[in-house]
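Q: the sequence isn't on hand, but the structure is:
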């Protein structure tokens, strides 16, 4: 059995459903991911016991639309890049978005798997910054990103 | 901290706000009324003996000899966080830090970095980092009749409603990023009091000359943007995501680049016009 052929989703992430999409928060890396319905289905079904063709069959049932193996491989690729699978290695078989589009046809009934990621901010980054001339103790406090040696934000 | 404790403090204040207990002590008498104006609106006196975070403000004495710089110094617990000859600058640091600390540690609410206005009984959120143009847009929305909720934080409770965080709008008027504070009333608007359900989230950035053509975002994508503007997601991810889930359940999300605020504000308010479809869970 080649590594990556039986993808396994990480179980140490927090998840919340938003309609058919899934928001996954990786606490280890402080990164949030939005999985579209196709990527979400692939991730939920990746238990380390199913190969891509089995995943394709189950996703077809779940999404009520034909899902072929190219789409599954693309989903695994996206999930792997987002580090949402236990295996950190790239899957043995790879596919591109172009191949997946060709496989499902232009008028495919499902959306291609998509994972969007954003880094969670530190509290300092998420709050308002300080103006030039205001006192500071670290670069992160300043709008300009520069806390001068005199303890003031500068340009 | 023990060294600081030995310094003899003239007066102090214990503050309870959004479930967080903080304290401020000062080295000279007569500062407390000035400090109380910097605290989050609606604060109460805390009865706790120990504070979660204690600020110590050493005000420079005025009768020192000429030619010697008099420094006002602010500590948060034992750490020095500001040191300046201008007291106003040090007080601005106190305000920023106390607001951020409350936003980060509040057990009752989730704080998102966003401008907020009320319109037709729903909240419009404008999430974004500093210098993304939030306050300018809030000001323009107020000019068109919206109710002021905040130009800094959207405060979200367990049911997903948005509470006001009504501090004066900090309007940056030149390239130094310096802010001048205006109350909503001074700008001819009213401040909201009642918590509101979310109506729309507008993620936008200012670009000179850009035309406002926002693209709709899915609810999941919109929630991800809210997560990326939440103060405590790293320390309280479960609670933060839970509240974002409730908050986002019936909202419209759009994203785009805007030019002048006056060109996009009316279109933003129109997102909540009666004819627009509201997404359901």
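A: Received it, and whenever you're ready, just let me know what you need. This is a predicted model, so every value here is computed, not measured. Residues are numbered from 1 along each chain as shown, chains lettered A, B, ... in the order given.
Q: ramachandran angles for the residue in chain A that chain B sits nearest to?
A: Using CB to the nearest CB, the single residue of chain A nearest to chain B is residue A:21, 3.0 Å away. In short, each C-beta sits where N, CA and C put it, glycine included. Backbone torsions for residue A:21, taken as degrees, to the nearest 10, come to phi -90, psi 160.
Q: just give the nearest non-adjacent residue to it, would you?
A: Using CB to CB, 6 or more residues apart in numbering or on different chains and skipping the chain neighbours, the partner closest in space to residue A:21 is residue B:220 (3.0 Å).
Q: the one you found: neighbour count?
A: Neighbouring residues of residue B:220 were enumerated by other CB atoms under 10 Å in any protein chain shown; the total is 24.
Q: same question, the one 10 residues further on
A: With neighbours defined by other CB under 10 Å, the count for residue B:230 comes to 28.
Q: which ones are touching it?
A: With contacts defined as CB atoms under 8 Å, 6 or more residues apart in numbering or on different chains, residue B:230 is in contact with A:120, A:121, A:126, B:110, B:111, B:112, B:113, B:240, B:244.
Q: so where do the helices sit in the chain?
A: Went with chain A since none was named. A:37-45, A:52-63, A:69-81, A:97-104, A:123-126 (DSSP state H).
Q: not quite, I wanted chain B
A: Using DSSP H, helices in chain B cover B:2-5, B:32-36, B:87-105, B:134-143, B:219-227, B:237-247, B:261-270.
Q: buried stuff in the first one?
A: Pointing back at helix B:2-5 there. Of the residues in helix B:2-5, none is buried by neighbour count under the rule 16 or more other CB atoms under 10 Å in any protein chain shown.
Q: for chain B, which residues score under the pLDDT cut-off?
A: The model of chain B has pLDDT under 70 over residues B:63-67, B:131, B:173-179, B:275-281.
Q: can you give the domain ranges for it?
A: Segmentation of chain B into domains, based on automatic domain parsing, reads B:2-105, B:110-270.
Q: pick the most buried one from those.
A: With neighbours taken as mean count of other CB atoms under 10 Å in any protein chain shown, the domains of chain B reach their highest mean count in domain B:110-270, at a mean of 20.
Q: how far is that one from where the chain is centred?
A: Domain B:110-270 sits 11 Å away from the centroid of its parent chain (CA atoms, centre = their mean, to the nearest Å).
Q: start and end of that domain, how far apart?
A: In domain B:110-270, first residue to last residue: 27 Å (CA to CA, to the nearest Å).
Q: just stretch A:23-32 next, same as before
A: Note: stretch A:23-32 ends 7 Å apart using CA to CA.
Q: same check, this time on stretch B:146-166
A: Here the two ends of stretch B:146-166 are set 14 Å apart, with distance taken as CA to CA.
Q: got it, and stretch B:8-19?
A: In stretch B:8-19, first residue to last residue: 29 Å (CA to CA).
Q: hmm, who's touching it?
A: Contacting residues not belonging to stretch B:8-19 are listed as B:21-29, B:31-32, B:35-36, B:39-40, B:42-48, B:51, B:56, B:98, B:102, B:106-109, B:155 [CB under 8 Å, 6+ apart].
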